[in-house]
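**Q** quick check, what structure comes out for this input:
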Amino acid sequence: MKKNKLIFLLVCVLSIIDVKGQETKTLVIGQFDKPDERYAIEVAITDLFTRNGIPSVPSLNVIKQGADPSILALDSIQAKLKQAGIDRIAIVNVRGYDRKFKLSDKETSLKETLRRTSIYHIYREEATSVSFEFIFYKDNKMTFRDILKCGNVSDRDSVIKRIRKKLPKRMAKKWS
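**A** The predicted structure follows:
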């Protein structure tokens with residue numbers, strides 16, 4: 001019953017989203033336990049994507065706060081997302097606090113990735129660097145994966161500042 005209400009709410013929200021012609025959008029999902037961290041990352045990434053020519057929408061505009069994001073992998077929800085002009089999903093999470101983190105070769109499904117929980121926060125007291133993982137999906141299939149390493153961080157605000165500085169350069173260099 002609760003899941004049906006959640007799906008109904010998602011369908012209602014998606015029907016409200018304004019679609020501009022045939023422009024496709026990217027849904028940005030921050031995988032963080034703390035709502036304030038999720039909000040900060042999703043808004044920052046959405047802003048950066050939009051400024052760099054990638055129309056995007058934060059997941060907070062699509063699913064209710066605290067809702068299970070794995071419902072986005074359902075076929076019916078995917079169809080509603082397509083109707084709303086959203087055909088790609090970008091998932092952002094912290095992979096670790098060192099500079100040596102490498103990309104995984106294993107391809108994971110959208111459902112499996114959405115079910116994962118993040119054990120890391122945007123910033124940790126002892127950390128001087130943070131590695132963010134970006135995973136892109138289209139039609140429930142992984143299309144691209146990358147790591148963004150942010151060094152010389154001292155607090156949460158400096159992490160967001162580093163992302164805003166480094167991500168556009170990384171997008172131009174590796175994502176085009």
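
**Q** for the chain, which segments are assigned as strands?
**A** Counting by DSSP state E, the chain has strands at residues 25-30, 56-58, 86-96, 129-138, 141-151.

**Q** mean neighbour count, these: which tops it?
**A** strand 25-30 (a mean of 25; mean count of other CB atoms under 10 Å). C-betas here are computed from N, CA, C, even on glycine.

**Q** ok, longest helix in this protein?
**A** helix 156-174 (DSSP state H).

**Q** check the offset of that one from the chain's centre.
**A** 14 Å (CA atoms, centre = their mean, to the nearest Å).

**Q** contacts for it?
**A** For helix 156-174, the surrounding residues in contact (CB atoms under 8 Å, 6 or more residues apart in numbering) are 37, 40-41, 44-45, 48, 51-52, 122-123, 130, 132, 146, 148, 150-153.

**Q** would you list the strands of the chain in a markdown table and tack on distance to Leu103?
**A** Shown next, in a markdown table, are the strands of the chain (distance: least, CB to CB, whole Å):
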| stretch | distance to Leu103 |
| --- | --- |
| strand 25-30 | 19 |
| strand 56-58 | 22 |
| strand 86-96 | 9 |
| strand 129-138 | 8 |
| strand 141-151 | 6 |
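
**Q** could you export the ones you listed as CSV, including mean pLDDT and distance to Asp68?
**A** Formatted as CSV, the strands of the chain follow (pLDDT from 0 to 100; distance: least, CB to CB, whole Å):
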stretch, mean pLDDT, distance to Asp68
strand 25-30, 93, 12
strand 56-58, 94, 17
strand 86-96, 89, 14
strand 129-138, 89, 17
strand 141-151, 90, 20
